[in-house]
Each structure stands twice: as C-alpha cells, then as structure tokens.
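# this is a predicted model, with the sequence first.
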Amino acid sequence: MTGPGHPAPALDWVLVVLLALLSGGIAVFGVFFLPVYAGSTPLPLVIVAVGIGLAVIPRVGYRLTGQLFAAFLPVMVWFAVTVGLFLATNGLYLGVPVAWQGWQFALLVGVGALSAAASVGLLWGDHLRAQIHARALPSPAVTGSDGTTQPGAAAEAVRKRPGDGGYWS
C-alpha cells in the first residue's frame, strides 16, 4: 500500500517481520507465565493478553501490506513457538517439560487459535469482498488508439490481471 505519506513496501515487510517476532515473544511469555497462582487458585491471566494480541497483530500486518500472508505470518510464528515450547524437554532436568502441560496450556492454545482464526478469517472475508467488488464494478468506455471506443475494456483488464495471485495476493 504505497502512496503519499506512506513508507516504502520494504519497510512495511520489515514491520511485519517485527510483528512476527513480537508474536513469538508473546508466545514465550504466554507459556512461561501460565503457572501463575493467587494463593492456591490458578490464575492464568496471560491467556487474555494472548487472545487480544492475536486478534490485533494480524490486523496490523494486513493493514501494513494489504496481503493475507502478512496477517498469517505472526499467527504461524506464535503457534510454532508455543508448540515448540510444549514439545521441548528441559536440558537440566530431563524428565521435566519446559511448558506447563495442564489445562491452562490447552486453554492458552484454544483461546489463541480461536482468536487468530477469527481475526485472519474476518480479514480473508474482507479481502475477498474487496476483490469481488473491484471485479464487479462497471468501467467506463476506453478509447483505443484508432479512435474507437471499447465499453468495459478497463473492467476486462481488471478481471484478467497478469500475476493475480488469487486469495493470498
């Protein structure tokens, strides 16, 4: 999304990579702060922060680039880091896992996955709606080089764009 007052696309992708790293950091803190207790009551409030983060970060990535991959990348990083920490074993105490493997972890993955799926799914719907709307718009007549008018030629050019990547463009 370039234009006046908007940074270059390369800077947008650098920001998307930083958002993906932030998402990985959210995964690390989310997993490590799961076993928080208030007295004898488990209090995994970090799950709320993870859910909010995974609802907002994909939207920021999409608004920066206008591509769904930029929205999906932070979600993939969060999921990979979370599952990686779940599967990793502790190097110092071999029988002890790195991640908390109780009901809190299942709740963390469930809330994170649902929040991310809702965010990316809504963005995908908006993206499809915009593509369909752009292709369905009537276009004005275009005057050819020989002076003849060709009604709807601009709409045909939009419908048959070279390099149209489909849903993920």
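Good, I have the coordinates.

# where along the chain do the strands fall?
For the chain, the strands defined by DSSP state E occupy 37-38, 41-42, 142-143, 149-150.

# so, low pLDDT: which residues of the chain?
1-8, 137-169 (pLDDT under 70).

# for it, which segments are assigned as helices?
9-32, 46-65, 68-87, 103-136, 153-159 (DSSP state H).

# which residues sit against the third one?
Identification of contacts with helix 68-87 by CB atoms under 8 Å, 6 or more residues apart in numbering yields 12-13, 16-17, 19-24, 26-28, 30-31, 50, 54, 57-59, 61-62, 64, 97-99, 101, 105, 108-109, 112-113, 116, 119-120, 123-124, 127, 167-168. Where C-beta positions appear, they are placed from N, C-alpha and C, glycine not excepted.

# buried members of those residues into PyMOL, please.
Applying 16 or more other CB atoms under 10 Å to the contacts of helix 68-87 leaves a buried subset, and the PyMOL line that selects it is:
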select buried, resi 12+13+16+19+20+22+23+24+26+27+30+31+50+54+57+58+61+62+64+99+105+108+109+112+113+116+119+120+123+124+127
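
# in a markdown table: the helices of the chain, plus distance to Gly39.
Shown next, in a markdown table, are the helices of the chain (distance: least, CB to CB, whole Å):
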| stretch | distance to Gly39 |
| --- | --- |
| helix 9-32 | 20 |
| helix 46-65 | 18 |
| helix 68-87 | 26 |
| helix 103-136 | 16 |
| helix 153-159 | 62 |
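
# and Leu122, what is it in contact with?
Leu122 neighbours (CB under 8 Å, 6+ apart): none.

# from Leu107, how far out is the residue nearest the centre of the chain?
Centroid check for the chain by CA atoms, centre = their mean gives Ala71 as the closest residue, at 2.2 Å. According to CB to CB, to the nearest Å, Ala71 and Leu107 sit 24 Å apart.

# what's the burial count for the closest residue to Val98 other than its chain neighbours?
Distance criterion CB to CB, 6 or more residues apart in numbering; nearest residue to Val98, sequence neighbours excluded, is Ala88 at 4.5 Å. Neighbours of Ala88 under the rule other CB atoms under 10 Å: 12.

# and the gap between Ala88 and Ala20?
From Ala88 to Ala20 the distance is 20 Å (CB to CB).

# how about Ile26?
Distance of Ile26 to Ala20, computed by CB to CB: 11 Å.

# now swap in Gly125 and tell me
From Gly125 to Ala20 the distance is 23 Å (CB to CB).

# contact partners for Ala99?
Contacts of Ala99 (CB under 8 Å, 6+ apart): Val31, Leu34, Thr82, Leu85, Phe86, Ala88, Phe105.
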